[in-house]
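Q: this is a predicted model, with the sequence first.
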Amino acid sequence: MAFWNVIFPSKCKICENPFIFKDQNLYCPSCISAIEKTEIYFCRSCGITVESGYTVCDNCKKDRIYNQIEAFTDYYKVGEIIRDYKLGGYKNLHKVLSQMIKEDLLSFIKENKVETVLYIPLHPSTLKKRGFNHLRLILEDIVPSFMIKDWIIKERKTKFQMELSAEERQKNLTDAFSLKEEAKFYGQNVLVFDDILTTGSTLKEVAKLLKNQNIGKIFGYVVAKT
């Protein structure tokens with residue numbers, strides 16, 4: 001395989017330069033390594049965009065939803081990779097994304113003493129069609145397996161969030177999720193993992209599920225903020 005990659009290198013989708021590939025043939029190592037942690041201004045409680053210098057919106061000053069939400073980078077820097085990964089069927093891109101956020105996510109987990117990690121599930125029909133949950137694959141590359149829990153269920157199939165307005169996003173996800181009966185938190189700090197944060201609708205719905213559970217603190221982590 002390595003021999004043929006040298007003879008017929010792939011062309012990077014970002015810089016268009018040829019490169020020798022190993023796990024995936026879409027993005028070269030140089031372009032991937034150039035994607036770094038970015039300072040983004042958004043409400044760290046609910047996820048909505050706020051002006052520079054603010055970390056919590058006015059509503060969340062009164063009633064906080066998440067103790068802290070962290071985003072690795074801007075969507076425009078990594079959005080194409082995420083789309084190819086979860087919608088284009090390029091499964092091996094999970095290695096690119098996991099290596100990109102690994103140090104930052106582990107640091108966030110350690111700093112906040114997170115003990116349980118949840119991730120946004122797919123509807124069973126979507127999971128069957130796609131063949132994998134893109135979020136779980138990323139987590140499996142980074143987090144010890146005993147911390148990852150598939151306790152959230154997606155009860156009904158919803159429209160793709162990126163195609164909807166802010167108001168439609170919230171309605172689209174209302175009561176779309178539930179918790180498995182086996183979910184037991186025992187006062188632990190919990191992190192909810194997702195790929196893209198736009199209006200915060202998905203994270204808010206999950207927070208509603210966890211509100212009356214025996215949870216210590218609740219944190220959110222996303223790969224990209226739009």
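A: Structure's in. What do you need?

Q: Ile215 contacts Phe185, correct?
A: Yes. Look at Ile215 against Phe185 with Cβ atoms under 8 Å: they come within range, at 4.8 Å. (C-beta placed from N, C-alpha, C; glycine too.)

Q: between the two, who's got more neighbours?
A: Taking other Cβ atoms under 10 Å, Ile215 and Phe185 do not tie; Phe185 has more neighbours (19 against 16).

Q: now do the SS call for the more buried one.
A: Per DSSP: H, G, I helix; E, B strand; the rest coil, the secondary structure class of Phe185 is coil.

Q: from Ile109, how far out is Ser45?
A: Separation of Ser45 from Ile109 (Cβ to Cβ, to the nearest Å): 19 Å.

Q: the two: who's more crowded?
A: In this view Ser45 and Ile109 are compared by other Cβ under 10 Å, and Ser45 has more residues nearby, 24 against 20.

Q: does that one touch Cys57 like I think?
A: Yes. Between Ser45 and Cys57 there is a contact under Cβ under 8 Å: 7.1 Å.

Q: hey, where'd the helices end up in this protein?
A: 2-7, 29-33, 58-62, 75-86, 93-111, 124-130, 134-142, 166-173, 201-210 (DSSP state H).

Q: what is the neighbour count of Lys204?
A: Using other Cβ under 10 Å: Lys204 sits among 20 other residues.

Q: is it true that it touches Asp63?
A: No. In this structure Lys204 lies outside contact range of Asp63 using Cβ under 8 Å: 11.7 Å.

Q: quick check: mean pLDDT across stretch 180-197?
A: Here stretch 180-197 scores 97 as its mean pLDDT.

Q: any buried residues in that stretch, and which?
A: Neighbour-count burial for stretch 180-197, with 16 or more other Cβ atoms under 10 Å as criterion, is recorded at Ala183, Phe185, Gln188, Asn189, Val190, Leu191, Val192, Phe193, Asp194, Asp195, Ile196, Leu197.

Q: in strands, which of those residues appear?
A: Val190, Leu191, Val192, Phe193, Asp194, Asp195, Ile196, Leu197 (DSSP state E).

Q: make JSON lines from the residues you listed and add distance to Leu139 to it.
A: Below are those laid out as JSON lines (distance: Cβ to Cβ, whole Å):
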{"residue": "Val190", "distance to Leu139": "14"}
{"residue": "Leu191", "distance to Leu139": "10"}
{"residue": "Val192", "distance to Leu139": "11"}
{"residue": "Phe193", "distance to Leu139": "6"}
{"residue": "Asp194", "distance to Leu139": "11"}
{"residue": "Asp195", "distance to Leu139": "11"}
{"residue": "Ile196", "distance to Leu139": "15"}
{"residue": "Leu197", "distance to Leu139": "16"}
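
Q: closest to Met100 out of the residues you listed?
A: Ranked by distance to Met100 (Cβ to Cβ), those are led by Asp195 at 11.8 Å.

Q: with Asp150 as the reference, measure out to the residue lying closest to that closest one once chain neighbours are set aside.
A: Of all residues not flanking Asp195 in the chain, Val223 sits nearest, at 4.9 Å (Cβ to Cβ, 6 or more residues apart in numbering). Counting by Cβ to Cβ, the gap from Val223 to Asp150 is 19 Å.
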